[in-house]
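A.B. asks: Please find the sequence and the predicted model below.
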Amino acid sequence: MLSKKLEEALNKQIRIEAESSQVYLSMACWAEVKGLEGVAKFMYGHSDEERMHMLKLVKYVNERGGHAKISDLKEPDTEFESFQQMFEQLYEHEIFVSQSINELVHITLEEKDYATHNFLQWYVAEQLEEEALARTVLDKLNLIGDDKGGLYLFDRDIQQLSVES
Ligand code: OFO
């Protein structure tokens, strides 16, 4: 049985994962209307992954005697200055998610809930991968700068980059 404190913290994380899914969906739309199909596909895929992260938490909370609460979500940005700025935002968002997961792990130790501690290790590993991927993408974009041809190739190649989950 989950403690109330942990149930609340897990519900907060459910909301964060749902908001992440919206953030990437909005980025996918922006990339799509700007004509970068590869980036759009990458973002649509990432959005689906975040929904899967959310659902995994929902199921866990309900299975452990808690009640997963589905809440309203913060509206994501719909416009970006550039692809670089968009990916910087993605990277910062993932760092924020990692911090939130770390806090959750900390609460599991306080509450002596080792099953949830164990369950969350998947998220800890996932965040490491996602941060690394976001950094790789940002490095590539910084190399390209304003070069249109470079952006074209980047759009083609980004489809090969993804986080297995
Ligand atoms: Fe990319 O955040 Fe989920 O875990």
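C.D. replies: Good, I have the coordinates.
A.B. asks: which residues are contacting the worst-scoring helix or strand of the chain on mean pLDDT?
C.D. replies: Least confident element among the helices and strands of the chain, by mean pLDDT, DSSP states H and E: helix 148-157 (a mean of 91). Contacts of helix 148-157 with the rest of the structure, by Cβ atoms under 8 Å, 6 or more residues apart in numbering, involve 36, 37, 38, 39, 83, 140, 141, 143, 144. In this view, the C-beta of every residue, glycine as well, is placed from N, C-alpha and C.
A.B. asks: Of those, which is the nearest to the ligand?
C.D. replies: Of all the contacts of helix 148-157, the ligand sits closest to residue 39, with 16.6 Å by Cβ to the nearest ligand atom.
A.B. asks: What residue in the protein is the furthest from its centre?
C.D. replies: Of all residues in the chain, residue 149 has its C-alpha farthest from the mean position, at 28.7 Å, by Cα atoms, centre = their mean.
A.B. asks: Near the ligand, which residues of this protein are found?
C.D. replies: Taking Cβ under 6 Å from any ligand atom as the contact definition, the chain meets the ligand at 17, 20, 50, 53, 94, 97, 123, 126, 127, 130.
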